[in-house]
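Enquirer: Provided below are the primary sequence and the corresponding predicted coordinates.
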Protein chains: 2
Amino acid sequence: MSEQEFIEAFRTTLKDLRQMQKLSQEKLAFKAGLHPTYISLLERGKRKPTLFVIFKITKHLGVTPSSFVNNIQEELLKENEKG
Amino acid sequence: MSEQEFIEAFRTTLKDLRQMQKLSQEKLAFKAGLHPTYISLLERGKRKPTLFVIFKITKHLGVTPSSFVNNIQEELLKENEKG
């Protein structure tokens, strides 16, 4: 897995879960106590998320941190199958 | 959960899994393609791990990224019970 593959899988996972919760990027950032543009930067692959940020945002995405990470693993598998 | 609580749970999780694999900090860093002192810095709470680093190191710790994160969640619960 390259860093680029990881970032793609992460972005997809974050965006899908956020949209399932019907949260805007700004609203999620606000709820998680992050800078208003931070979720947008993450979804565009412009920032590298720390693990602590994952713990902060998943609380508002209706999933545990570990199931968020599991979703990324599944996205990576899908990418590999396509790939 | 404060950032300090998170860091404590992360450090414990990393150290326990690394020692179960009988890997030195330097050996794990080498295997994961990280700077030789990086695992030591993580275990001392001197660096904040990115999620990508978790994907890189867990490959050598005998666990999936999501079960690593699940271990952190369990450590946080233990800390809260002690708390």
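Expert: Nice, I can see it.

Enquirer: Chain B contacts on chain A?
Expert: Counting by CB under 8 Å from any CB of the partner chain, chain A comes close to chain B at A:1, A:3, A:6-7, A:10, A:48-52, A:54-55, A:64-70, A:72-73. From N, CA and C alone the C-beta is placed, and that goes for glycine too.

Enquirer: Now intersect the residues you listed with the helices, please.
Expert: Residues of the residues of chain A next to chain B located in helices (DSSP state H): A:3, A:6-7, A:10, A:51-52, A:54-55, A:65-70, A:72-73.

Enquirer: Leaving out chain neighbours, which residue sits closest to residue A:11?
Expert: Excluding its sequence neighbours, the residue lying closest to residue A:11 (CB to CB, 6 or more residues apart in numbering or on different chains) is residue A:43, at 5.4 Å.

Enquirer: again, but for residue A:55
Expert: Closest to residue A:55 by CB to CB, 6+ apart is residue A:65, at 5.1 Å.

Enquirer: so how many other residues sit close to that neighbour?
Expert: By other CB atoms under 10 Å in any protein chain shown, 24 other residues sit near residue A:65.

Enquirer: now do residue A:18
Expert: Applying other CB under 10 Å, we find 20 residues neighbouring residue A:18.

Enquirer: so it makes contact with residue A:40?
Expert: No: counting by CB atoms under 8 Å, residue A:18 stays clear of residue A:40, with 10.7 Å between them.

Enquirer: Where does pLDDT dip in chain A?
Expert: A:83 (pLDDT under 70).

Enquirer: at 80 instead, please
Expert: Along chain A, segments meeting pLDDT under 80 span A:82-83.
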